[in-house]
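Enquirer: Provided below are the primary sequence and the corresponding predicted coordinates.
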Amino acid sequence: MTMSPAARVRAYCLRVFPTGYSKRCNKTHSLWVQKAVGGHVTAEIQDDLRHIEDGFTGDLEAGLAATWQVLCDGVTQRRSPFHLMTVATVSSGGDPQVRTVVLRGCDQKGKWLRFNTDSRSPKIDDIESNPSASLLFYGAKEKLQIRLKVKLERVGVAERDEMWARTPSYSRECYQVTTAPGSDVRSPEATQFDAHQADGGRENFAPIRARVDELEWLYLSAKRHRRAHYIFTESGVKARWVVP
């Protein structure tokens, strides 16, 4: 079955775009279709596509910008693989701990990400004893892995209250459990909730900010894998290519 020019261009477009670029892809899609001749992708379209691929096949600056775009888009795009991240910490006893959390905030200028947890969670003890942590994102279709070296910190009370005010009721229920996460329970059905405890759950609500010290992305491609590493300092960004 022969694909139409529109189908071919769109398939190519969606394949080369990482998550978060779909809107940009749609905007240029109709233009590329108009350029298609005889069901083939013309040289002019190929030039356009190569320009788009520069996000992760271009220079170091473009790769960093594309990475932040993917991460910040992941906050609101629930179906994005970058909506979830793995957080690795070290317990006070020196044991590695890892878990998956939902990405709730992203600030490229401030160089931080945010997730929420319960103040009674063991990860709070990990953060207080050693705030250094690693974050991991991976998109199989995007062929993109992102790793970050961060420092974790709880946000202030005033900022927490502002976030709580924007938290929908169904999300607040997570913080209205009467016992701490990880506590023994007879059965899942035996878990107790109390909407009046801890100020409706607010006192258990603990947003965590991850300040990024280092960032690394790995982009897998049939042409050539590419990997870049960035260190953020007060004087700027130290960027370098590394072997995949």
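Expert: Nice, thanks for sending it over. Numbers count the residues shown, from 1 in each chain.
Enquirer: which residues touch the strand or helix carrying M85?
Expert: Element membership for M85, per DSSP states H and E: strand 84-90. For strand 84-90, contacts defined as CB atoms under 8 Å, 6 or more residues apart in numbering pick out 96-103, 113, 115, 123, 126-127, 129-130, 132-137, 152, 210. For every residue, glycine as well, the C-beta is placed using N, CA and C.
Enquirer: By mean pLDDT, which helix or strand of the chain comes out lowest?
Expert: Ranked by mean pLDDT, DSSP states H and E, the weakest helix or strand in the chain is helix 22-35, scoring a mean of 49.
Enquirer: what comes up buried for stretch 218-230?
Expert: Of the residues in stretch 218-230, those buried by neighbour count under the rule 16 or more other CB atoms under 10 Å are L218, Y219, R226, R227, A228, H229, Y230.
Enquirer: that older thread, who does the strand holding M85 pair with, and is each partner parallel or antiparallel?
Expert: Each strand that pairs with strand 84-90, with its direction, by DSSP bridges: strand 96-102 (antiparallel), strand 132-139 (antiparallel).
Enquirer: What average pLDDT does the last one get?
Expert: When you say that, I think you mean strand 132-139. What strand 132-139 shows for mean pLDDT is 97.
Enquirer: Let's test this: mean pLDDT of the very next helix or strand once past it, rounded?
Expert: Downstream of strand 132-139, the next assigned helix or strand under DSSP H and E is strand 144-154. For strand 144-154, mean pLDDT rounds to 97.
Enquirer: now stretch 80-99
Expert: 95.
Enquirer: can I get the CA coordinates of that stretch in CSV?
Expert: Provided in CSV are the C-alpha atoms of stretch 80-99 (Å, rounded to 0.1, in the frame of the first residue of the first chain):
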residue,chain,number,x,y,z
SER,A,80,4.4,11.8,27.6
PRO,A,81,7.0,9.3,28.9
PHE,A,82,8.7,12.4,30.4
HIS,A,83,5.7,12.9,32.7
LEU,A,84,7.2,10.3,35.0
MET,A,85,10.7,10.3,36.4
THR,A,86,12.8,8.0,38.5
VAL,A,87,14.3,9.5,41.6
ALA,A,88,17.4,7.8,43.2
THR,A,89,18.5,8.8,46.7
VAL,A,90,20.6,7.3,49.5
SER,A,91,19.1,6.5,52.9
SER,A,92,20.7,7.6,56.2
GLY,A,93,22.0,4.0,56.5
GLY,A,94,23.7,4.2,53.1
ASP,A,95,21.3,2.1,51.1
PRO,A,96,20.4,3.2,47.6
GLN,A,97,16.7,3.9,47.2
VAL,A,98,14.8,4.4,43.9
ARG,A,99,11.2,5.2,43.0
